[in-house]
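In: all I have is the shape, not the residue letters:
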C-alpha cells in the first residue's frame, strides 16, 4: 500500500514538512493534518489492521468539520432519527468514502466502540450505515463525530422517506419467491409419484392421496406467492386495459381451478406441480429485475447529499437563527456563508458573490452573481457570503426536479424487459385463445376429452421461458459489468451499447486528465528557468486554476519571492506586486494589455516592460486512452472527438491518439447537431463525457457514459458510470453487451421454438402431464443456464490480466 | 406403503418449519444486504477484537 504518498489517502505528499505519526509501530508520512488525525484515531482505537486489510486508499478527510452538534435539537433530529421503542433510536447515514471491504470493517468497529451504540450495519453497495443507539448514553452528533474522526463523512438520511418501501418490497418478494420455490419442489415430488403411478398401476386411494397433497402445497403458492399477479390483473382491469398480468393470472387461476375440479371428482389429470412451477419461474424473473432496479435507486439517493440540511434564517432584527432547510418558506431571507451550499432556490439580495454551479453546468469555474440574479439550491458559495431571498423550497427547487426526473427514469423498467414481458403476455393471450379453440374443437369430436386437452394446452405452453429470457440475461450482464467497474444505471443502455456504431468523446477531462503539465518555457527576459518559475509560482501558488496548479507543481521547492496585493481576475489571470514592480500572469491579452498572436495558447508572465517568459502547457492524456481508442476501433466503431477547445489543442490530442475525425470549438448546440446528423445517417452513438456541461450531448446520444470523477448529477443522469476511470472498460463493456444481446435473442428464439413444437401436440391431446412438467422446467432451465454464459470468456481474460499484473507487482 | 402415512406428514411439518425459519430470517435483516457480508469473513480476526476504549480521550492531535 506504501506508494510514496500519504499513508492514509495515498495522495502525493507536500514538498516540505509532511506531518508524521507512529502507526502500527512505524513512522508514517501524511499529506495533511486531517489524514494524520484520522490515522492516529484509528491507531488509538486499536484498528490499525485496517491499513493491512484495505485494497484501496482511503478518501482524504474533508477539511471543514461539519457542525454536527445541531442534530441535538429535537425539531431537527425528528426528521432523521426514528424511535425504536425499547429505549433505542435508529438512523441511517449516507457515508461518503466507503471504498473497499476494509472500510466496512473499520466503520463497524469504530462506531461500535462509541459507548451507547448498540448496533451498526454497513451496506457497502448502497454506501449506507444503519446505526442504533441508546439515547441515554449516546447521541447522533457523537456517532457522526466518531465517523468524522475516522475520516468518513456521514449524512443522516430522512428515515421516513428512505428505507421502508424499498426494504418491504424486497422482503415481500423474497418471501413469495421462497414459498413458491418450496411449494414447487414439494408439488413436484408428489407429482412424480403420480407420474410413476401412471406407468406402474397405482390404486385409486393412493392416487387421490397424492393429488390432495399436491393441492395442499400448491394452495399457498397460488394464494400467497401469485398474489402480485392477481393484484396486477385486477388493477389493469379496473383501468380498463389488458395488462400483462391479466393473461398470466387467468392461466394460473384456470390451471389451479381445473386441477381442483379434477381432484374433487377424482378423474382426469391434475397439474398442481405445473402451476406452482409456473408461479415460481415468473417470480424469479421479477425478483431479478427488482434487485437491479433497487441497486440503481441507491445511486439516485446519493443526490440527496447535495442539498444542505440546515439554513441560517435572518430574523426581522437582523440576527441569525438556525433552522432545518425543510422549515424554510418562500419569502424568507437566508444567510449563506462562504463555502456553504444554498438551501433553496431564490434571488441574491446582498452584494456580488461568486457561486460554484458545477452541479448544474459541470463548469467548475465559479460564476459571478449580481444582486437580483437567480441562485439554485445545492450550488456552493465560493466567495461570499450571500443573502438569499427564498423563492422555492424543497420539492419545488430545480435540484429536486432533476432528482425526481432521475429517480423516475431509474424506477422505470428497462425497455427490453418491458418488450420481453409484453411478448410473454401476448403469447399467453394467444395460448388462451388456442385453449378456447381446443375446447370447442374437442367438444365436437370427443366431449369427454375436451377438458383434459384444453388443460394440457394451458400447461404445456410455457411463458416462463419468455418471462425469464430477458431478466436472466440482463441481471447476469449487469453483475459482470459491475465487477469491472462499469455501473449500468439504465439497463436499456446494454441494448444500445451493443448496436453502437460511433463513439464521440469529449476531450477535456475525458480523454485527458483534468490536470495540465508544463511542457516548455520561452525565456524572453528571465535569467533562468528557475527565475521564471519562481516569479510565476509566487503568483500561482494561491490559485486553484488548473494552469496555476501546473505552474506551482513545476516550480516545486523553488523559493518564491514575497508578493503583495495579489489579485485573481476571473477568466484572465493573476496580478500582484513583487519587489516594487507590477507583475501579471495569464492569457497574453491580460498580461500584456494587447493581443499577441505568437503567445496565443501560452501562459504569459509579464511586467510593465513586456514579456518576461511564456509557459507552454500541455494536456496529459489518460494512461489508457490510446489503448481504449484502439480497442474500440478494432471492434468496428468510428471514434470521434467533439470538444469546445481550440483547434490546435484538439488536433494535438487527436494526432496522439490517431483519431482522424475531430471537431473543435464546439458549443453544446454544435455537438448536438453533430450527433443528430450522425443519427440521421442511421448511426447509433455512444457519448462519453465527464461533466453535466456535456448534458445535452449525453442526452442526445443513444448511450451516455459518464466518468465517476465528474459531477454527481452527470453521473446520475447518464446511462453508464465508469467507476474505475478506466477508458478501456468501454470496449470490454461493449463486448459483453454484444454477447448479452446475442444470448438474449437465443433465449427468446428457444422459447418460441419450444412452444411452437409442443403446443400442437398438447392441443391434439398427446401430452401427458409428466411430459408437460418436464418440458416446462427444462425450457426455463435452458434459458437461465444460457444467460449464465454471459461474460464467461471476458471473465477468464480479466482474471488472467489481473494475475499478470499481480505477478509483475 | 403405510410408511408413507407417517413420512409425508413429517415432510410437510419440516417444510412448514423451514418456511417459518426463513420468514424469521427475512424479518431479522438476514437478506437485506446481499453484498457486504461476503466481503467481511476473511477480515474478521477474533484475537484482535478492538478494546472498547473510551473515545472520550482523544489522541493528542485534533483535526
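Out: Great, that's in hand. Note that the structure is a prediction, hence the values are computed from the model and not measured. Residues are numbered from 1 along each chain as shown, chains lettered A, B, ... in the order given.
In: could you use CA atoms for every contact and neighbour count after this?
Out: Noted.
In: any stretches of chain B with poor pLDDT?
Out: Chain B contains residues with pLDDT under 70 at B:1, B:35-36, B:38-63.
In: can you give me the helices for it?
Out: Per DSSP state H, chain B carries helices over the ranges B:3-27.
In: now do the stretch 551-700 of chain A
Out: Along the stretch 551-700 of chain A, counting by DSSP state H, counting those that start in this stretch, helices occupy A:588-592, A:625-634, A:647-657, A:668-680, A:695-700.
In: what mean pLDDT does the last one get?
Out: Same thing as helix A:695-700. The average of the pLDDT scores along helix A:695-700 is 64.
In: same thing with the second one?
Out: Taken as a whole, helix A:625-634 carries a mean pLDDT of 88.
In: what's that helix in contact with?
Out: Contacts to helix A:625-634, defined as Cα atoms under 8 Å, 6 or more residues apart in numbering or on different chains, come from residues A:511-512, A:638-639, A:657, A:727-731.
In: and residue A:228, what's its pLDDT?
Out: Predicted confidence (pLDDT) at residue A:228: the value is 90.
In: could you report the neighbour count for it?
Out: 16 (other Cα atoms under 10 Å in any protein chain shown).
In: now do the phi/psi pair for it.
Out: Here the main-chain torsion angles of residue A:228 (degrees, to the nearest 10) amount to phi -60, psi -30.
In: about what we covered before: how about the helices of the stretch 551-700 of chain A in JSON lines, adding distance to residue A:142?
Out: Converted to JSON lines, the helices of the stretch 551-700 of chain A look like this (distance: least, Cα to Cα, whole Å):
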{"stretch": "helix A:588-592", "distance to residue A:142": "51"}
{"stretch": "helix A:625-634", "distance to residue A:142": "45"}
{"stretch": "helix A:647-657", "distance to residue A:142": "51"}
{"stretch": "helix A:668-680", "distance to residue A:142": "47"}
{"stretch": "helix A:695-700", "distance to residue A:142": "40"}
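In: make JSON lines out of these and add distance to residue A:516 and mean neighbour count.
Out: Below are those laid out as JSON lines (distance: least, Cα to Cα, whole Å; neighbours: other Cα atoms under 10 Å in any protein chain shown):
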{"stretch": "helix A:588-592", "distance to residue A:516": "18", "mean neighbour count": "21"}
{"stretch": "helix A:625-634", "distance to residue A:516": "16", "mean neighbour count": "18"}
{"stretch": "helix A:647-657", "distance to residue A:516": "12", "mean neighbour count": "16"}
{"stretch": "helix A:668-680", "distance to residue A:516": "23", "mean neighbour count": "17"}
{"stretch": "helix A:695-700", "distance to residue A:516": "24", "mean neighbour count": "21"}
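In: interface residues of the stretch 151-300 of chain A facing chain B?
Out: Taking Cα under 8 Å from any Cα of the partner chain as the measure of proximity, the stretch 151-300 of chain A contacts chain B at A:167, A:170-171, A:174-175, A:179, A:182.
In: if we can go back for a sec, most neighbours among the contacts of helix A:625-634, please name it.
Out: Using other Cα under 10 Å as the contact criterion, the top neighbour count among those goes to residue A:511, which has 27 neighbours.
In: now for that residue: which residues touch it?
Out: Neighbouring residues of residue A:511 by Cα under 8 Å, 6+ apart: A:505, A:621-622, A:625.
In: same thing but 7 Å
Out: With contact set as Cα atoms under 7 Å, 6 or more residues apart in numbering or on different chains, residue A:511 has these partners: A:621-622, A:625.
In: what does residue A:94 give?
Out: Residues counted as contacts of residue A:94 (Cα under 7 Å, 6+ apart) are A:127-129, A:154-157.
In: and of those, the nearest to residue A:26?
Out: For the contacts of residue A:94, the residue nearest residue A:26 by Cα to Cα is residue A:154; the value is 29.7 Å.
In: residues touching the closest one, list them.
Out: Applying Cα under 7 Å, 6+ apart, one finds that residue A:154 lies in contact with A:93-96, A:144, A:147.
In: quick check: it is in a strand.
Out: Yes: assigned with DSSP: H, G, I helix; E, B strand; the rest coil, residue A:154 falls within a strand.
In: just the pLDDT for it.
Out: On the pLDDT scale, residue A:154 is placed at 79.
In: how about residue A:766?
Out: Looking at residue A:766, its pLDDT is 79.
In: about what we covered before: in strands, which of the contacts of residue A:154 fall?
Out: Among these, the ones falling in strands (DSSP state E) are A:93-96.
In: so residue A:354, which of the three states?
Out: Using three-state DSSP as the criterion, the local structure at residue A:354 reads strand.
In: residue A:27 versus residue A:748, what's the distance?
Out: 62 Å (Cα to Cα, to the nearest Å).
In: show me which of the two is the more surrounded one.
Out: Remark: of residue A:748 and residue A:27, residue A:748 carries more neighbours, 21 against 10, as counted by other Cα under 10 Å.
In: what's the burial count for residue A:22?
Out: The local packing count at residue A:22 equals 13, with neighbours defined by other Cα under 10 Å.
In: wait, a strand at it?
Out: Yes: assessed with three-state DSSP, residue A:22 lies in a strand.
In: picking up where we left off before, looking at the contacts of residue A:154, which is nearest chain B?
Out: Ranked by distance to chain B (Cα to the nearest Cα), those are led by residue A:147 at 11.8 Å.
In: any stretches of the stretch 501-650 of chain A with poor pLDDT?
Out: Using pLDDT under 70, the flagged stretches of the stretch 501-650 of chain A are A:514-515, A:542-546, A:569-571.
In: whoops, the stretch 251-400 of chain A was the one
Out: Counting by pLDDT under 70, the stretch 251-400 of chain A contains low-confidence ranges at A:295-306, A:358-366, A:384.
In: give me the distance between the residue in the stretch 251-400 of chain A positioned nearest to chain B and residue A:650.
Out: Residue nearest to chain B within the stretch 251-400 of chain A: residue A:291 (10.3 Å; Cα to the nearest Cα). Separation of residue A:291 from residue A:650 (Cα to Cα): 42 Å.
In: next one: residue A:397
Out: Counting by Cα to Cα, the gap from residue A:397 to residue A:650 is 37 Å.
In: ok, now residue A:686?
Out: In this structure, residue A:686 lies at 19 Å from residue A:650, with Cα to Cα as the measure.
In: next one: residue A:112
Out: Here residue A:112 is placed at a distance of 53 Å from residue A:650 (Cα to Cα).
In: looks to me like residue A:251 is in a strand.
Out: No: the assignment for residue A:251, made by three-state DSSP, is helix rather than a strand.
In: give me the nearest residue to it, chain neighbours excluded.
Out: Across the structure, with Cα to Cα, 6 or more residues apart in numbering or on different chains as the measure, the residue nearest residue A:251 apart from its sequence neighbours is residue A:458 (6.9 Å).
In: and chain A, which residues reach chain B?
Out: Within chain A, the positions near chain B by Cα under 7 Å from any Cα of the partner chain are A:33-34, A:37, A:40-41, A:44-47, A:53, A:101, A:113-114, A:123-125, A:171, A:175.
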